[in-house]
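**Student:** Show me the folded form of this:
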Amino acid sequence: MASFGSFVKEQRELRNWTQTDLGARLGINSSAISRIENGSKKLSPKKLNIISDLFGIALPKVKEIYFADKFVDELFKYDCPESALSVAEETVRYLKQKHQIQSELQFK
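**Tutor:** Take a look at the predicted model:
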């Protein structure tokens with residue numbers, strides 16, 4: 001799987017945009033784009049909506065690539081087992097279910 005930075009670079013190049021072009025569209029400089037593409041800097045999650053619009057890719061897919069890359073970085077950095085991802089998935093399912101039940105109770 002590709003990193004978020006390589007995803008950004010690939011999408012930028014598909015459109016024949018320079019790093020300066022993409023930076024202008026995102027409101028950041030080309031140096032920041034270079035660091036995002038090479039993985040030494042993370043794009044602000046606040047910019048994901050803009051990336052989604054610019055690249056014409058659904059926001060959930062952009063978030064999937066962005067956060068998967070972020071999680072992998074943390075797992076690798078702290079030498080965590082891959083099973084940590086399964087635990088995280090279970091926790092997310094539980095929290096979503098809990099939130100859904102609470103929302104239903106508030107509306108009844």
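**Student:** residue ranges with poor pLDDT in this structure?
**Tutor:** 1, 102-108 (pLDDT under 70).
**Student:** Now do the domain split for it, please.
**Tutor:** 4-77, 81-108 (automatic domain parsing).
**Student:** So what would you say the end-to-end distance of the longest one is?
**Tutor:** For domain 4-77, the separation between the terminal residues is 17 Å (C-alpha to C-alpha, to the nearest Å).
**Student:** Which elements pack onto the biggest helix by length in the chain?
**Tutor:** For the chain, the helix that runs over the most residues, judged by DSSP state H, is helix 83-107. Packing partners of helix 83-107 (3 or more C-beta pairs under 8 Å, 6 or more residues apart in numbering; DSSP states H and E): helix 59-77. No exception for glycine: its C-beta is placed from N, CA and C like everyone else's.
**Student:** Would you confirm that Lys42 contacts Arg35?
**Tutor:** No. Using C-beta atoms under 8 Å, Lys42 is not in contact with Arg35; the gap is 9.0 Å.
**Student:** So for the two, which residue has more residues nearby?
**Tutor:** Arg35 (17 against 14; other C-beta atoms under 10 Å).
**Student:** what's the offset of the one helix or strand the more buried one maps to from the middle of its chain?
**Tutor:** Element membership for Arg35 (DSSP states H and E) is helix 30-38. How far helix 30-38 lies from its chain's middle: 15 Å, per C-alpha atoms, centre = their mean, to the nearest Å.
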